[in-house]
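> just the structure for this:
(4 chains)
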Number of protein chains: 2
Amino acid sequence: MPASSTDPRVARSRAVITAAAAEHFLRVGYLAANVDEIAAEARVSKRTIYNVVGGKEQLFRDVVAEVLGTAAAFAGAATRELADTPETLLDLAERLAAVVHAPRVLRLRRLLIAEAGRFPDLAREYYERGPGRVMTTLSAAFRDYHGRGLLAAPDPDLAAEHFAFLVLGASLDRALFTDEPPQPGRARAGAEAFLRAYRP
Amino acid sequence: MPASSTDPRVARSRAVITAAAAEHFLRVGYLAANVDEIAAEARVSKRTIYNVVGGKEQLFRDVVAEVLGTAAAFAGAATRELADTPETLLDLAERLAAVVHAPRVLRLRRLLIAEAGRFPDLAREYYERGPGRVMTTLSAAFRDYHGRGLLAAPDPDLAAEHFAFLVLGASLDRALFTDEPPQPGRARAGAEAFLRAYRP
DNA sequence: GAGGTGCTGCACTCACCGGTTTACTATTGC
DNA sequence: GCAATAGTAAACCGGTGAGTGCAGCACCTC
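Sure, this is the predicted structure:
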């Protein structure tokens, strides 16, 4: 009788394989990652990887889906807590910067930019579920602020872009190339500039 | 007697090899590029590549140096023509966006982000000679504006970051993932927001 | 025009890597 | 406890790609 897909051994294997694979892919990229090493680090036979996951490409997709899921959840949580007044944007700026500069998130960005040619669907999905969702959430909040006269943002999508990139554009861009940590206070300063530009 | 390095055959080979290699590296990245294909496209024997350039890594470095040189020259030229009044920033914004969104420049960015782990020195060099120089030029201009009371920019470095990423942050970020062309008018709108935030 | 040098084309080595096979052991569900 | 299934270890296959050696032709320098 088939132990079928509820076999705890399978679940355990899948978990440890995906964890090791995430480590490798995020560090060295898709092509340079090698299945033997992933198997060794997961302390799992290479055969198990092919039984449980299917192959290198599927493994990559699984890893991206998992990391993207948790990253998107964090980003969503950090953005949704918009309160009544635009002044809370200063705190939001710092939370957002912290999430986006988390090492895993940065590496996922690098990875997907690097493989955008090979996996355009993944790059697009990332963009929609990550930055895209943050933008639409911000935009909705700004539309609300605008309606209540708290912010002069006739084009809330544009305002959302401006907020996001004032807050973390420069440091994010730099981090993509050099691993340097963001300068402290930069996020808050960006939010302040935003308020100067968009205060009614 | 040695024909030495002034032999026109060598110069010609080097030129055609670098051109073909740039094409390949910018399109598929470092690892996926393959020397046989580059040789074929350059209509040159593979042996010639190893004689003239030395190897795949050196070829990559040559290509990056060349593309980076021309890109930096363009970016510098587009930024330096700052006139007396902050109003010219609207035009500057559009010029800057055009340069940065040029396909070659975008692909160089993707390439260097992708290989930042393997070639950290190249990534750093790019950042200093490209975005870095643009920033310092902008910053110097803003300091001047500030001194003459034309702009309220007590921290000109910060103002330069804000200007650059208001103008092209969102579209550049998107372009790294999806190849989508920037929305028209976005650059100008960014410059306008900048002026609202920094007008004295 | 003579001698040296570069280019070619091709075969070749060597290493790596994704994926499979085999022969065996350990768990699991019933 | 007993099939059935998952896992292990190691060898193996097929393909690919960086880099080399070499022999002969073409071109450049003087």
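> what helices or strands is the top helix by length along chain A leaning on?
When chain A is parsed with DSSP state H, its longest helix is helix A:56-80. Secondary-structure packing of helix A:56-80 (3 or more CB pairs under 8 Å, 6 or more residues apart in numbering or on different chains; DSSP states H and E): helix A:8-28, helix A:35-41, helix A:89-100, helix A:103-114, helix A:120-127, helix A:133-147. For the C-beta atoms, the positions are set from N, CA and C on the backbone; glycine is no exception.
> how about these in CSV, adding mean pLDDT, mean neighbour count and distance to DNA strand D?
Formatted as CSV, the helices and strands packed on helix A:56-80 follow (pLDDT from 0 to 100; neighbours: other CB atoms under 10 Å in any protein chain shown; distance: least, CB to the nearest atom of the strand, whole Å):
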stretch, mean pLDDT, mean neighbour count, distance to DNA strand D
helix A:8-28, 91, 17, 3
helix A:35-41, 95, 16, 8
helix A:89-100, 95, 20, 33
helix A:103-114, 96, 20, 17
helix A:120-127, 96, 18, 20
helix A:133-147, 95, 19, 34
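> tell me which element residue A:173 falls in.
Element membership of residue A:173 [criterion: DSSP states H and E] is helix A:156-178.
> swap in residue A:44?
With DSSP H and E as the test, residue A:44 turns up in no helix or strand.
> and it, how many neighbours?
The tally of other residues near residue A:44 (other CB atoms under 10 Å in any protein chain shown) stands at 18.
> any bit of the helix holding residue A:173 sitting next to chain B?
Yes: shown here: helix A:156-178 in contact with chain B (CB under 8 Å from any CB of the partner chain) through A:158, A:161-162, A:164-166, A:169-170, A:172-174, A:176-178.
> any idea how far that helix is from the middle of the chain?
Computed by CA atoms, centre = their mean, to the nearest Å, the chain-centroid distance of helix A:156-178 equals 14 Å.
> domain map for chain A?
A:1-54, A:63-198 (automatic domain parsing).
> output these in JSON lines; the columns should cover distance to residue B:84.
What follows is the domains of chain A, written out as JSON lines (distance: least, CB to CB, whole Å):
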{"stretch": "domain A:1-54", "distance to residue B:84": "48"}
{"stretch": "domain A:63-198", "distance to residue B:84": "23"}
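> out of those, which gets nearest to DNA strand C?
Among those, domain A:1-54 comes nearest to DNA strand C, with 3.6 Å by CB to the nearest atom of the strand.
> which pLDDT value goes with residue A:1?
Reported pLDDT at residue A:1 in the predicted model: 27.
> my bad, should have said residue A:4
At residue A:4, the model reports a pLDDT of 42.
> before we move on, what about residue A:181?
For residue A:181, pLDDT reads 89.
> equivalent analysis for residue A:78, please.
The predicted local confidence for residue A:78 is 88.
> report the contact partners of it.
A:92, A:95, A:96, A:98, A:99 (CB atoms under 8 Å, 6 or more residues apart in numbering or on different chains).
> can you tell me how far the nearest residue to residue A:129 once chain neighbours are set aside is from residue A:139?
Leaving aside its sequence neighbours, residue A:129 sits nearest to residue A:72 (CB to CB, 6 or more residues apart in numbering or on different chains; 4.6 Å). Using CB to CB, to the nearest Å, we find residue A:72 at a distance of 17 Å from residue A:139.
> now residue A:65
26 Å.
> how about the longest helix of chain A: buried residues?
Neighbour counts over helix A:56-80 (16 or more other CB atoms under 10 Å in any protein chain shown) mark A:56, A:59-64, A:67-68, A:71-72, A:74-75, A:78-79 as buried.
> you'd agree residue A:13 is up against residue A:48?
Yes: under the criterion of CB atoms under 8 Å, residue A:13 makes contact with residue A:48 at 5.4 Å.
> residues contacting the closest residue to residue A:74 other than its chain neighbours?
Of all residues not flanking residue A:74 in the chain, residue A:99 sits nearest, at 5.1 Å (CB to CB, 6+ apart). Residues in contact with residue A:99 (CB under 8 Å, 6+ apart) are A:71, A:74, A:75, A:78, A:105.
> DNA strand D: which of the residues you listed is nearest?
The nearest member of those to DNA strand D, counting by CB to the nearest atom of the strand, is residue A:71 at 27.0 Å.
> who touches the nearest residue to that closest one once chain neighbours are set aside in this structure?
Among residues not flanking residue A:71 along the chain, residue A:105 sits closest, at 5.0 Å (CB to CB, 6+ apart). Taking CB under 8 Å, 6+ apart, we find residue A:105 in contact with A:71, A:74, A:99.
> ok, residue A:29 next?
Taking CB under 8 Å, 6+ apart as the criterion, residue A:29 is in contact with A:111, A:114, A:115, B:31, B:114, B:117.
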